[in-house]
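Q: With the input below, show me the fold.
(one chain, ligands or ions: 1)
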Amino acid sequence: MPFFRKRRTRDNGRVTANDDTDLAARRAAQFEAMGGHEMFDRLTHRFYQGVREDEVLAPMYEDDFAGGEDRLRMFLEQYWGGPFTYSELRGHPRLRMRHAKFRITPDARDRWLQHMRVAVDEAGLAPEIEQALWDYLVRAADAMINTLEPRP
Ligand code: HEM
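A: Residues are numbered from 1 along each chain as shown. This is a model prediction of the structure:
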């Protein structure tokens, strides 16, 4: 969980103008601490190298690996305090819905996480940031499972 999300708002939960400024600053600090665009670029690029070679995952991407890599990078950057480019281009993430057309079995989840693990290991993050990112990715990947059947 990004640290900028942990803080409580004041005024019975109403977000004040001051809080908005704080939030922007905390988001920027989070993104910076993670290595910014350059880190997310390396992370998703390394992840996609694994995906391309994966016999279960690769066919799902219908040869648009570069587009998929961009979308995942923009999404992760936005989630972790970076620019809102993902939502500007794609709208609300609705990730469960966007993944509904793929057969995401526990095996597909494991493979996705396995490629992500390699990418995270090579990202050179500070240990507590790496742990936060990894916990998030595991939870998100678990939530994406939408079938237990390997075939239709
Ligand atoms: C659990 C296994 C998963 C599988 C097999 C999987 C597979 C896919 C596939 C095949 C696509 C289409 C590629 C494209 O054209 O964009 C996709 C898109 C995407 N995935 Fe996943 N995914 C998984 C988990 C996740 C997780 C955990 C996240 C987020 C943390 C994520 C974020 C995204 C995003 C942001 C897109 C682009 C959505 C869009 O804007 O259309 N995926 N995924």
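
Q: Quick check: residues of the chain near the ligand?
A: 57, 60-61, 64, 67-68, 71-72, 75, 90, 95, 98-99, 102, 104, 108-109, 112, 137, 140-141, 144 (CB under 6 Å from any ligand atom). Glycine gets a C-beta too; all of them are placed from N, C-alpha and C.

Q: which ones are touching H99?
A: Counting by CB atoms under 8 Å, 6 or more residues apart in numbering, H99 touches 144, 146.

Q: where exactly do the helices run in the protein?
A: Residue ranges of the helices in the chain, as given by DSSP state H, are 17-33, 36-52, 65-79, 85-90, 95-98, 106-121, 127-144.

Q: Tell me what angle the first one forms with helix 65-79.
A: Regarding helix 17-33 and helix 65-79, their directions subtend 130 degrees when assessed with axes from the mean of the first three to the mean of the last three CA atoms, to 10 degrees.

Q: per-residue confidence averaged over helix 17-33?
A: The pLDDT scores in helix 17-33 average 88.

Q: So for it, what gets flagged as buried?
A: Residues of helix 17-33 classed as buried by neighbour count (16 or more other CB atoms under 10 Å): 19, 23, 26-27, 30-31, 33.

Q: got it, and the third one?
A: Along helix 65-79, these residues count as buried under the neighbour rule (16+ other CB under 10 Å): 68-79.

Q: could you give the angle of it to helix 127-144?
A: 120 degrees.

Q: could you check the angle helix 106-121 makes with helix 65-79?
A: Using the same axes, to 10 degrees, helix 65-79 lies at 70 degrees relative to helix 106-121.

Q: Please compute how far helix 65-79 lies from its chain's middle.
A: Averaging C-alpha coordinates over helix 65-79 and over its chain gives two centres that are 8 Å apart (CA atoms, centre = their mean, to the nearest Å).
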